[in-house]
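Enquirer: Please find the sequence and the predicted model below.
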Amino acid sequence: MADTREAIVQASHLPMSIIIVGIGNADFGDMQMLDGDDGILRSPKGEPVLRDIVQFVPFRNFKHASPAALAKSVLAEVPNQVVDYYNSKGIKPKEPSEYQSSRPFGP
């Protein structure tokens with residue numbers, strides 16, 4: 001678990017997200033701690049994550065739900081994680097007028 005926490009702290013500087021789906025009826029306390037929703041995840045040395053990159057979802061909460069409900073929960077934090085990454089690098093989104101497209105929108 002210590003190595004995992006260290007790896008997540010280091011990965012929080014990269015353009016990536018980690019999605020964990022817990023299968024079965026095990027105690028997922030460690031996975032929820034990695035998720036960081038209850039506080040800031042820190043490496044064993046005390047270094048905090050730069051940004052939240054982990055989303056944990058226990059599959060058992062979706063046994064009788066639609067696949068779309070599971071997908072929505074699993075992917076819920078990814079948009080904010082992308083924005084947080086770009087903000088951490090000082091990269092601002094372009095204005096729509098700055099985009100140049102060589103082909104029209106549509107099929």
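Expert: Received the coordinates, thanks. Note that the structure is a prediction, hence the values are computed from the model and not measured. Residues are numbered from 1 along each chain as shown.

Enquirer: how about the strands of this protein, start to end?
Expert: 18-22, 54-58 (DSSP state E).

Enquirer: quick one: low-confidence parts of this structure?
Expert: Scanning the chain with the threshold set as pLDDT under 70 gives 98-107.

Enquirer: Repeat the analysis, applying 50 as the threshold.
Expert: Across the chain, no stretch falls below the confidence threshold (pLDDT under 50).

Enquirer: could you pull out the helices for it?
Expert: For the chain, applying DSSP state H gives helices covering 2-11, 29-35, 67-74, 78-88.

Enquirer: got those as a markdown table, with distance to K94 and mean neighbour count columns?
Expert: (Glycine included, C-beta is placed from N, CA and C.) Formatted as a markdown table, those follow (distance: least, C-beta to C-beta, whole Å; neighbours: other C-beta atoms under 10 Å):
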| stretch | distance to K94 | mean neighbour count |
| --- | --- | --- |
| helix 2-11 | 26 | 15 |
| helix 29-35 | 32 | 16 |
| helix 67-74 | 28 | 13 |
| helix 78-88 | 11 | 13 |
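
Enquirer: nearest to D52, of the ones you listed?
Expert: With C-beta to C-beta, the closest approach to D52 among these belongs to helix 78-88: 6.7 Å.

Enquirer: any idea how far P58 is from F28?
Expert: According to C-beta to C-beta, to the nearest Å, P58 and F28 sit 6 Å apart.

Enquirer: list residues touching both of the two?
Expert: Common contact partners of P58 and F28 (C-beta atoms under 8 Å, 6 or more residues apart in numbering): G22.
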